[in-house]
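[1] sequence plus predicted model, see below.
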Amino acid sequence: MQDNSRYVRPRSFAETHLDTEGRAPCVAAIRETGLNPTVAFQKDTSLVKVKGFRMVFESGMVLVGGRDDLQDRVNIRPDSAPDPGVDINDAVKRLGGR
């Protein structure tokens, strides 16, 4: 859901986000509903309610914030982008050691 893409391709989603043993059952369940797992459909995020988020990076760095922060200040570049990652658009108020 956090991917910036407005569309989901079920088979690609399963291959990217599910463990190997869960992929085939997921794709089979999608087929059973009458959907073609290779055809993309538009996401419906209207029921998603996020109070806050915690984003953990490969380096171990953690970013925490509220739903508005995620929408207004954080741009998540998808893995398929030439330079995947995150852009944070905010001024630094304080920087200190741990």
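    Looks like it arrived, so ask away.
[2] name the SS class of residue 63, please.
    Secondary structure state of residue 63, per DSSP: H, G, I helix; E, B strand; the rest coil, is strand.
[3] okay, domains of the chain per the record?
    1-44, 49-89 (automatic domain parsing).
[4] just put the ones you listed in CSV and tack on mean pLDDT, mean neighbour count and distance to residue 96.
    Where you see a C-beta, it was placed from the backbone N, CA and C, and this is true even at glycine. As requested, these are exported to CSV (pLDDT from 0 to 100; neighbours: other Cβ atoms under 10 Å; distance: least, Cβ to Cβ, whole Å):
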stretch, mean pLDDT, mean neighbour count, distance to residue 96
domain 1-44, 88, 12, 28
domain 49-89, 87, 11, 15
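[5] name the next helix or strand downstream of the helix or strand in which residue 76 is found, please.
    Using DSSP states H and E, residue 76 maps to strand 74-77. Remark: after strand 74-77, the chain's next helix or strand is strand 85-88, criterion DSSP H and E.
[6] which helices and strands does that next one pack with?
    strand 74-77 (3 or more Cβ pairs under 8 Å, 6 or more residues apart in numbering; DSSP states H and E).
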